[in-house]
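Asks: Below is the structure, and that's it, no one-letter string:
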């Protein structure tokens with residue numbers, strides 16, 4: 001999947017919105033939305049509307065994904 005066009009912005013928040021905390025990228029289509037700690041919770045809203053269950057964190061200090069359907073962290077190399 002190619003990198004998002006604006007990896008530092010939620011696709012659904014107004015530009016410069018101070019309510020954004022962290023970003024999540026849909027592994028199905030690449031949609032970038034803000035996390036559940038953000039005011040808009042757009043990554044979850046994308047899951048709810050599109051049915052795409054897995055989003056990976058775009059934060060440089062986080063190396064995991066989240067499955068909304070199973071409410072489970074997905075960590076590379078974990079068993």
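Replies: Ah, there it is. Keep in mind that what you see is a predicted model, and the values were worked out from it rather than measured.

Asks: For residue 20, see how far away the closest residue to residue 70 other than its chain neighbours is.
Replies: Take residue 70 and drop its neighbours on the chain: the residue closest to it by Cβ to Cβ, 6 or more residues apart in numbering is residue 53, 7.5 Å away. C-beta coordinates here come from the backbone N, C-alpha and C atoms, glycine included. To residue 20, residue 53 is 22 Å away according to Cβ to Cβ, to the nearest Å.

Asks: and the two? which has more neighbours close in?
Replies: Taking neighbours as other Cβ atoms under 10 Å, residue 53 and residue 20 compare with residue 20 leading, 21 against 17.

Asks: mind listing what the more buried one touches?
Replies: Counting by Cβ atoms under 8 Å, 6 or more residues apart in numbering, residue 20 touches 10, 13, 34, 38, 39, 40.

Asks: One more: residue 63?
Replies: Residues in contact with residue 63 (Cβ under 8 Å, 6+ apart) are 57, 75, 76.

Asks: Many thanks, have a good one.
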